[in-house]
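> the amino acid sequence is not available; the structure is as follows:
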């Protein structure tokens, strides 16, 4: 009887594990950046800075932290041959993510806030700008940073996470007939 061990699923599991690690690191960097963004945004609101300008300033400062964390930790195993290109592309894509967050905030504060004044409160601004806007912006950022800024090395096969081969061999378990029969 020929060997029908599921080699592709093991490979898929290794890629999934690598992706989960990447998402975890991205999330950690994002959480730290989010805390910086949230703190600065609320401090600026308390001192009377206009809502959209406060969000722009807080996002730009948090983006600097996010770039450093993602460049040197999340995607350190990816190609890093053009630092200026990466830095520029990171900020351009982050500006699009900022636009997504600002759009959510503007719709809530200035659009719906005209109908329901409660949506012009600091709490409503935090919900729309910091939670909803950041969630949509984060989905876009993860996809775009991974695809355009911290690209896989040219020797990485299509569809993999870009980790060096030694990382994959350490995480891929040998197929076991008893374990992989399900």
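Arrived safely, thanks for sending. On a predicted model such as this, the values are computed, not experimentally measured, just so you know. Numbers count the residues shown, from 1 in each chain.

> and the pLDDT at the residue minimising distance to the centre of the chain?
When CA atoms, centre = their mean is applied to the chain, the residue found nearest the centroid is residue 142 (3.4 Å). As predicted, residue 142 sits at a pLDDT of 90.

> how about it, what does it touch?
23, 26 (CB atoms under 8 Å, 6 or more residues apart in numbering). Using the backbone N, CA and C atoms, a C-beta is placed for each residue, glycine as well.

> for residue 75, give me the backbone phi and psi.
Phi and psi for residue 75, reported as degrees, to the nearest 10, are phi -120, psi 40.

> ramachandran angles for the nearest residue in space to it that is not next to it in sequence?
Nearest residue to residue 75 in three dimensions, chain neighbours excluded: residue 150, at 3.4 Å (CB to CB, 6 or more residues apart in numbering). Torsion angles at residue 150 (phi, psi; degrees, to the nearest 10) stand at phi -100, psi 70.

> so residue 150 makes contact with residue 72?
No: using CB atoms under 8 Å, residue 150 is not in contact with residue 72, being 10.7 Å away.

> more neighbours: which of those two?
Neighbour count, other CB atoms under 10 Å: between residue 150 and residue 72, residue 150 has more, with 22 against 11.

> neighbours of residue 77, how many?
Look at residue 77: counted by other CB under 10 Å, it has 17 neighbours.

> would you mind measuring from it to residue 104?
Computed as CB to CB, to the nearest Å, the residue 77 to residue 104 distance reads 33 Å.

> same deal with residue 71?
Look at residue 71 and residue 104: by CB to CB, they are 27 Å apart.

> could you do residue 18 as well?
Here residue 18 is placed at a distance of 31 Å from residue 104 (CB to CB).

> which of the two has more neighbours?
residue 104 (21 against 18).

> name the residues that touch stretch 92-107?
For stretch 92-107, using CB under 8 Å, 6+ apart, the contacting residues are 51-52, 55-56, 59, 63, 66-67, 125, 128-129, 132-134, 136-138, 140-141, 144-145, 148-149.

> got the buried residues for that stretch?
The neighbour-count check on stretch 92-107 (16 or more other CB atoms under 10 Å) flags 93, 94, 97, 98, 100, 101, 102, 103, 104, 105, 106 as buried.

> do the same with stretch 13-23
The neighbour-count check on stretch 13-23 (16+ other CB under 10 Å) flags 14, 15, 17, 18, 22 as buried.

> ok, stretch 34-46 next?
Neighbour-count burial for stretch 34-46 flags 34, 36, 37, 38, 40, 41, 42, 44, 45 (criterion: 16+ other CB under 10 Å).

> average pLDDT for that stretch?
Mean predicted lDDT for stretch 34-46 stands at 93.

> same check on stretch 153-164?
The average pLDDT for stretch 153-164 rounds to 48.
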